[in-house]
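> Here is the input, now give the coordinates:
(one chain, ligands or ions: 1)
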Amino acid sequence: MCGIVGYVGKQKASAIILEGLKRLEYRGYDSAGVCIVQGGRLEVAKKVGRVEGLSKEAARHHFVGTTGIGHTRWATHGGVTDANAHPHVSSDGRIALIHNGVIENFAKIKTFLSGKGYTFKSETDTEVLCNLIAYHFAKEPQENDGQNRFLESVRKTLRHVEGTYGIAVLCLDFPDQIVAARKASPLILGVGDGEYILASDASALISRTQNVVYLKDGEIVHITPTTFSITTLDQEDVSPVVDKITWTIEDAELNGYAHFMEKEIFEQPQALENSMRGRFSEDGSTALFGGLNITAAEFRQIDRFMFCACGSAWHACLVAEHLIERFARVPVEVDYASEFRYRNSPLDRDTLFFVVSQSGETIDTLAAMREAKRKGYRVLAINNVVGSTIAREADGGVYQHVGPEIGVASTKAFTSQLLIGAMIALYVARQRDMSFSDGVQYVEALKSAPNLVRRALEQAPRIKEIAKRYSHYNDFLFLGRLSLFPIALEGALKLKEISYIHAEGYPAAEMKHGPIALISENCPSVFFVPKGEIFNKVVSSMQEIKARKGPVIAIVTEGCELPPGLADDVITIPECHEAVLPIVASVPVQLLSYYIAVERKCDVDKPRNLAKSVTVE
Ligand code: F6R
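As a prediction, the model looks like this:
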């Protein structure tokens, strides 16, 4: 949530910051702003709306300065107004600040500062933080050498702050420097050729450098035109580690697609290949993971798994639960990360924890992980963004390697999480009762997933045509059973988040216990109808809907014969192994949601009220 960019170098800062903000817009898009040091002032342009609007506003300021900061906002404290947009400038005009996070004790600090004569133009906690830095800066002894005076005022301020933050600060007295810090909000320093770019994620700086330093919680970076240094809140020096980002700017471009969501749906075959590359044993009977940091013998001792995540990642956990219990016969519990951290659920001693997060920055998932670790559990992470907080704090884990996911609605990261969950199920199963030949068959099935997804994607024109006919409905049900129940939940989530249509996912047989009351000719149902033991049961549920005039879209596996007239529209996906079915079945509901949202002229990649990475509680 909220995107942060900062620049110190020789180029015009505003152009670089605006380009970065454009790429970060998926983190928050209710307002945007930029502050450049020039002409002896902290010159600010900010505006409600998208970065495009800010660019026009910025043009009027004729920015030429080479140091600056910029922000895209996802409102927490205070409504969506120009005044509440970042950057904020202290009432003495000396400090400018951008902030991602929430300052919990801002009211107390505001009262204190008001008593000292500081004034406020906005309702934000950020402006309070900004003035507190100004207060400490004014108090810092003048004889402190320049760098330290600025740095120490930020450090002192942060010691008084409760809450979370990723911040970047400018100071009028040190016009070519930035001080930035983080606590539970991501911040990366790009080390370029004679320039430094600060950003809340790599997509904002990848066009200028692939060399980055991932800042850790409690670290403060001080950037000058020639160098940077990192220290902690306790003034300890930190030796920076410069990492290399493995993807390039092309990966973060639309490359001819209308939306990132569309691009990412069609990238899934390749993404799945990347997620499983090098992760099968030589004998082809099980999965292998390099970074679990837990031996096979230790893994075998685990008698229960606990999975925590949010949103789509939580749906992926439900599928993992189904597959691990089905194939490995080990009990699994899945919890919303946001619930787990407060629920104090009883846990067995030999429980292994997994957290699943595309971004690796979701605050609830991070907090759940920290709580599990505090209780002494080993936590492994399934995560896409390399160097993310969750990846760094986990005891081990599996990187998804699907490249940047920019569309707010998760697609390729979700199916890759399904794949990795299926691989973990295989790994655990092969350590227990699964035979060698069943393992080989399972591995072959997983290897076929990219091609099966390719074939499911061939249905796109047909699904587009169906979407046109269904886009006017305001309510949908998604119904599936067993491993496809979580995909029903995912289908409903995809539809509601990008097209604002009310949609619910249910196990198909639960219909008659309540949701069937919703059925009429105005409420279509999307059924997953795979071949197999529950085929006839699902068909019965469809009959119940049809008897009440509900329109039915059936997603069937090849070779399924539905009774005539039962479905109004049929989408066929390839028949596949149980471990791969949830992956392949996700494709039609992703496409259906996408095309319906496009038909309704919704902003697919930036749905209202949402942000890609939820870094506030
Ligand atoms: C839905 C979606 C969200 C995320 C959730 C967790 O399309 O993208 O529900 O799945 O916010 O995000 P991560 O995986 O980054 O922890």
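> The residue in the chain that the ligand sits nearest to: neighbour count?
Ranking the residues of the chain by distance to the ligand (C-beta to the nearest ligand atom) places G311 first, at 1.9 Å. From N, CA and C alone the C-beta is placed, and that goes for glycine too. By the criterion of other C-beta atoms under 10 Å, G311 has 22 neighbours.
> Over to F120?
F120 sits with 17 neighbouring residues when counted by other C-beta under 10 Å.
> what secondary structure does the nearest residue to it once chain neighbours are set aside sit in?
Taking C-beta to C-beta, 6 or more residues apart in numbering, and ignoring the residues beside it in sequence, F120 has E127 as its nearest neighbour in space, at 5.4 Å. In the three-state summary, E127 is assigned as helix, counting by DSSP: H, G, I helix; E, B strand; the rest coil.
> thought E127 was touching T119?
No - counting by C-beta atoms under 8 Å, E127 sits too far from T119 to count as a contact (9.7 Å).
> Neighbour count: those two, which is higher?
Between E127 and T119, counted using other C-beta under 10 Å, the more crowded position is E127 (30 against 11).
> per-residue pLDDT, that one?
At E127, the predicted lDDT confidence score is 96.
> And it, how close does it get to K156?
With distances taken as C-beta to C-beta, to the nearest Å, E127 is found 18 Å from K156.
> Also K412?
When distance is defined by C-beta to C-beta, K412 is 44 Å away from K156.
> So those two - more neighbours on which side?
Here K412 and K156 are compared on neighbour count by other C-beta under 10 Å; more neighbours surround K412, at 30 against 17.
> S312 versus the more buried one, what's the distance?
When distances are taken as C-beta to C-beta, K412 and S312 turn out to be 11 Å apart.
> so what's the closest residue to G565 other than its chain neighbours up against?
Leaving out its chain neighbours, the residue that sits closest to G565 by C-beta to C-beta, 6+ apart is K546, at 7.6 Å. Under the criterion of C-beta atoms under 8 Å, 6 or more residues apart in numbering, the contact list for K546 reads 552, 565-566.
> which one of those is nearest A585?
Nearest to A585 among these: V552, at 16.2 Å, using C-beta to C-beta.
> Tell me which helix or strand L446 sits in.
When elements are assigned from DSSP states H and E, L446 belongs to helix 436-457.
> residues making contact with that helix?
Counting by C-beta under 8 Å, 6+ apart, 265-266, 268-270, 272-273, 276, 280, 283-287, 327, 415, 419, 422-423, 426, 429-430, 434, 573-574, 576-577, 579-580, 583-584, 587-588, 591 sit against helix 436-457.
> Report the buried members of these.
Buried residues within the contacts of helix 436-457, counting neighbours by 16 or more other C-beta atoms under 10 Å: 265-266, 268-269, 272-273, 276, 280, 285-287, 327, 415, 419, 422-423, 426, 429-430, 434, 573-574, 576-577, 579-580, 583-584, 587-588, 591.
> Could you pick out the buried ones from the contacts of K546?
Applying a neighbour-count criterion of 16+ other C-beta under 10 Å, the buried members of the contacts of K546 are 552, 566.
> tell me the least confident of the contacts of K546?
Across the set of these, G565 stands lowest in pLDDT, at 92.
> Give me the three-state assignment for it.
Per three-state DSSP, the secondary structure class of G565 is coil.
> again with H322
Reducing the assignment to helix, strand or coil with three-state DSSP, the entry for H322 is helix.
> Around it, how many other residues sit close by?
The burial metric for H322, expressed as a neighbour count using other C-beta under 10 Å, is 23.
> how far away is it from D303?
When C-beta to C-beta is the yardstick, H322 and D303 sit 18 Å from each other.
> what do you get for I133?
The spacing between I133 and D303, counted by C-beta to C-beta, is 51 Å.
> out of these two, which sits in the busier spot?
Neighbour count, other C-beta under 10 Å: between I133 and D303, I133 has more, with 25 against 12.
> Where does the more buried one sit, in terms of helix or strand?
Once you assign secondary structure using DSSP H and E, I133 falls within helix 125-139.
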